[in-house]
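A.B. asks: One predicted model, sequence on top.
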Amino acid sequence: MSADIEVTARAAALLKELKERHGALLFHQGGGCCDGSVPLCLKQNEFRIGSRDTLLGFVDEDTPFYLGSGQPEQVAQRGLVLDVVDGDTDRFSVEAADGVYFVSRPQWGACGKE
Amino acid sequence: MATAVNQSSIQDVLETLHKAGVRSRYENYIGGKWVPPTTGRYFVSQSPINAEPICEFARSGPADVEKALDAAHAVREKWGHTSPADRATILLKIADVVEQNLETLALAETLDNGKPIRETRAADMPLTVDHFRYFAACIRAEEGALSDIDNDTVAYHFKEPLGVVGQIIPWNFPLLMAAWKLAPALAAGNCVVIKPASNTPLSLMLFAQLVGDLLPPGVLNVVTGPGGEIGKALASNKRIAKIAFTGETTTGRLIMQYASEPIIPQTLELGGKSPNIFFADVMDADDDFLDKTLEGFALFALNKGEVCTCPSRALVQESIYDKFMERAVARVKKIKVANPLDPTSMMGPQVSKEQITKILDYIRIGREEGAQCLTGGERAHLGGDMENGYFMEPTVFAGDNKMRVFQEEIFGPVVSVTKFKTLEEAIEIGNDTPYGLGSGVWSRNMNNTYRVGREIKAGRCWTNCYHVYPAGAAFGGYKESGFGRETHKMILDHYQQTKNLLVSYSTKAMGFF
């Protein structure tokens, strides 16, 4: 599966900085309650990817984006935008300590209708 | 004029809370004292009603978690040896104090989380009170066991506390979820380091302020701050004997991985996409039962849909679909979205901007994948300063169970409705989800309800009711919804070790050597 993952300039800059600090990273978007269905940015050696995770695509040359639940085909068909917003969250994501967090949203209009 | 009135009501409530002793800044509660964070930093919690600040909390770092663990370990042995009668007495006193301060706690919870005041008064707080009383009773009635292995040998089984446990609480029922975890942990003789969600720390800090003195210093420790720092520092800490977490699945998996290093048990509750199944016979009469059933449909909007067991998929039998949905949508349209401090408000704002953004994205996804929006689908505009609040319209989609809005947890007031023909099809669609936390079935025919209830792969099947959470009924998930069962005496086993003394009363050698 190869989804189009559009990375905003701010997200790309943050990811570059985080990689310098933490080494190889990955994104994993699971489901579930409260803060579910959001991308967590984790150290590659910290999170074990399983057989039921779907590799959606790459955010940059060596940072994969996995989907842990939900409907990967439909998510991939639409494509994703990876962005960063300001705010404190409780996520275990590596960027959260800096008062920012990654968000993913569908590429609206990518299927030809708005 | 709405602005002035609404603003004053929120300000009035804040003033009322301050008069009742609620602080404008909370430090960590460690070792029976208020301890400033080692970071020296604080964060501001905002009310989702108008996005205005209400209170400051410690923005702690990992060193504060260590401090809390020091305090807990210092008293671990002593607290673990307290008699069950003494622990039960303390739990009963905690319940009494919460009950005496029910109105203050309810107001604080509504202000911080946005849930309607009628829910915090009638559900969150009374259930919290009852939870402590229930576990006070359980621990008094708890017994070990012994087995007669043979005429000379007896196996004695003693229940022992685990020691110091870590607990991470979600923001949707900030005090009630804390009570679900704290009451059994304390009853069983454990010390606790607990972290409330950063969106909603107020009620748990107020709880510590109100009941802290009832417990020996160090038994209850509350630390606030970002999950990525202190949640992680707690969950991956080698000095905890167990971790309890309610939240989303990626974090749940991370926590399981952390727990695999020191090899400690976990209880995880990770969400759901619960089916609510309506058989045709609910419309056999236009009576009280049908009225109750229609309310059961509308219960997806309880707590603004921010419930792990939100009945977010409705399955309606085809033969009644049109006429049932006409009544159901009419019922949903009557839901009053208003300032949650107003006692007539039925739905308050979503907990955060992040949350409402996600919900609106899902609504757009639903529309684009062809789901039909039967009502709602927009942000609710309340005017005045509440224009900045995170209010949604309760939303009903009709579509197909393969759509993303049927499969992914939205965690908002959105229900996706589809049809089924037979009981077998209802079970098949009901089980077509990675989750298995809640489910509901409505029928006048008990054979339908029993069969569905047994075949649905979910930890609970509400039968001709929904969203009731009494202590004494086990709550927990199948499949990706997690494991462990809370709100029942069996959770005590998740907070206890079993010590077996295998004793020989024979004076004779075994004869091997």
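C.D. replies: Received, thanks.

A.B. asks: mind listing the helices in chain A by residue range?
C.D. replies: With DSSP state H as the criterion, chain A has helices at A:9-22, A:72-78.

A.B. asks: any residues touching the helix or strand containing residue B:332, and which ones?
C.D. replies: Element membership for residue B:332, per DSSP states H and E: helix B:321-333. Around helix B:321-333, the neighbours that count as contacts under Cβ atoms under 8 Å, 6 or more residues apart in numbering or on different chains are B:278, B:282-283, B:290, B:294-295, B:297-298, B:301, B:314, B:316, B:374-376, B:394, B:396, B:398, B:417, B:419. Using the backbone N, CA and C atoms, a C-beta is placed for each residue, glycine as well.

A.B. asks: how about that helix: buried residues?
C.D. replies: B:321, B:324, B:325, B:327, B:328, B:329, B:331, B:332 (16 or more other Cβ atoms under 10 Å in any protein chain shown).

A.B. asks: ok, of the helices of chain A, where does mean pLDDT dip lowest?
C.D. replies: Least confident of the helices of chain A, judged by mean pLDDT, is helix A:72-78 with a mean of 87.

A.B. asks: got the CA positions of it in CSV?
C.D. replies: The C-alpha coordinates for helix A:72-78 follow below in CSV (Å, rounded to 0.1, in the frame of the first residue of the first chain):
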residue,chain,number,x,y,z
PRO,A,72,-6.4,1.4,5.7
GLU,A,73,-7.6,1.1,2.1
GLN,A,74,-10.0,3.9,2.5
VAL,A,75,-7.5,6.1,4.4
ALA,A,76,-4.9,5.4,1.7
GLN,A,77,-7.3,6.1,-1.1
ARG,A,78,-7.9,9.6,0.2
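
A.B. asks: Just confirm yes or no for that helix near chain B.
C.D. replies: Yes - using Cβ under 8 Å from any Cβ of the partner chain, helix A:72-78 reaches chain B at A:74, A:75, A:78.

A.B. asks: Pick out whichever of those sits closest to residue B:494.
C.D. replies: Taking Cβ to Cβ as the measure, residue B:494 lies nearest residue A:75 of these, at 34.9 Å.

A.B. asks: what about residue A:2, how many residues close to it?
C.D. replies: As a burial measure, residue A:2 scores 9 neighbours (other Cβ atoms under 10 Å in any protein chain shown).

A.B. asks: Can you name the next helix or strand after the helix holding residue B:332?
C.D. replies: Downstream of helix B:321-333, the next assigned helix or strand under DSSP H and E is helix B:353-368.

A.B. asks: For that following helix, list every residue counted as buried.
C.D. replies: B:353-356, B:358-363, B:365-368.

A.B. asks: Can you tell me which of the buried residues of helix B:321-333 is nearest residue B:236?
C.D. replies: Of all the buried residues of helix B:321-333, residue B:236 sits closest to residue B:332, with 43.3 Å by Cβ to Cβ.

A.B. asks: okay, and the helix or strand of chain A with the least pLDDT?
C.D. replies: For chain A, using mean pLDDT, DSSP states H and E, the weakest element among its helices and strands is helix A:72-78, scoring a mean of 87.

A.B. asks: Check which helices and strands it sits against.
C.D. replies: When contacts are defined as 3 or more Cβ pairs under 8 Å, 6 or more residues apart in numbering or on different chains; DSSP states H and E, helix A:72-78 sits against strand A:54-60.

A.B. asks: Just checking the strand it packs on against chain B, any contact.
C.D. replies: No - with Cβ under 8 Å from any Cβ as the criterion, chain B is not reached by strand A:54-60; the gap is at least 12.5 Å.

A.B. asks: Relative to that strand, what are the paired strands and their orientations?
C.D. replies: As defined by DSSP bridges, the strand partners of strand A:54-60 come to strand A:63-67 (antiparallel).

A.B. asks: Using the three-state scheme, assign the residue of the stretch 301-450 of chain B found nearest chain A.
C.D. replies: As assessed by Cβ to the nearest Cβ, chain A sits closest to residue B:308 within the stretch 301-450 of chain B, at 4.1 Å. Under DSSP: H, G, I helix; E, B strand; the rest coil, residue B:308 falls in the coil class.

A.B. asks: From the helices of chain A, pick the one with the highest average neighbour count.
C.D. replies: helix A:72-78 (a mean of 17; mean count of other Cβ atoms under 10 Å in any protein chain shown).

A.B. asks: Run the chain-centre distance for that one.
C.D. replies: Relative to its chain's centre, helix A:72-78 lies at 14 Å (Cα atoms, centre = their mean, to the nearest Å).

A.B. asks: before we move on, what about stretch B:312-320?
C.D. replies: Distance, stretch centre to chain centre, for stretch B:312-320: 27 Å (Cα atoms, centre = their mean).

A.B. asks: before we move on, what about stretch B:159-168?
C.D. replies: Relative to its chain's centre, stretch B:159-168 lies at 19 Å (Cα atoms, centre = their mean).

A.B. asks: Stretch B:165-174 vs chain A: in contact?
C.D. replies: Yes - between stretch B:165-174 and chain A, judged by Cβ under 8 Å from any Cβ, the touching residues are B:170, B:171, B:172.

A.B. asks: re earlier: any of the contacts of helix B:321-333 buried? List them.
C.D. replies: Buried residues within those, counting neighbours by 16+ other Cβ under 10 Å: B:278, B:282-283, B:290, B:294, B:297-298, B:301, B:314, B:316, B:374, B:376, B:394, B:396, B:398, B:417, B:419.

A.B. asks: Return the subset of those residues lying in helices.
C.D. replies: B:290, B:294, B:297, B:298.

A.B. asks: What score does the closest residue to the second one other than its chain neighbours have for pLDDT?
C.D. replies: Of all residues beyond its chain neighbours, the one nearest residue B:294 is residue B:331 (4.6 Å), with distances taken as Cβ to Cβ, 6 or more residues apart in numbering or on different chains. At residue B:331, the model reports a pLDDT of 98.

A.B. asks: same thing with residue A:33?
C.D. replies: Confidence score, pLDDT, at residue A:33: 78.

A.B. asks: how about it, what does it touch?
C.D. replies: Contact analysis of residue A:33 by Cβ under 8 Å, 6+ apart lists B:170, B:172, B:246-248, B:269-272, B:307-308, B:409, B:411.

A.B. asks: And residue B:213, by the same measure?
C.D. replies: Counting by Cβ under 8 Å, 6+ apart, residue B:213 makes contact with residue B:32.

A.B. asks: Which of the three states applies to it?
C.D. replies: Here residue B:213 is recorded as helix under three-state DSSP.

A.B. asks: what's the spacing between residue A:25 and residue B:227?
C.D. replies: Here residue A:25 is placed at a distance of 18 Å from residue B:227 (Cβ to Cβ, to the nearest Å).

A.B. asks: wait, doesn't residue B:46 sit right on residue B:53?
C.D. replies: Yes - counting by Cβ atoms under 8 Å, residue B:46 touches residue B:53, with 5.4 Å between them.
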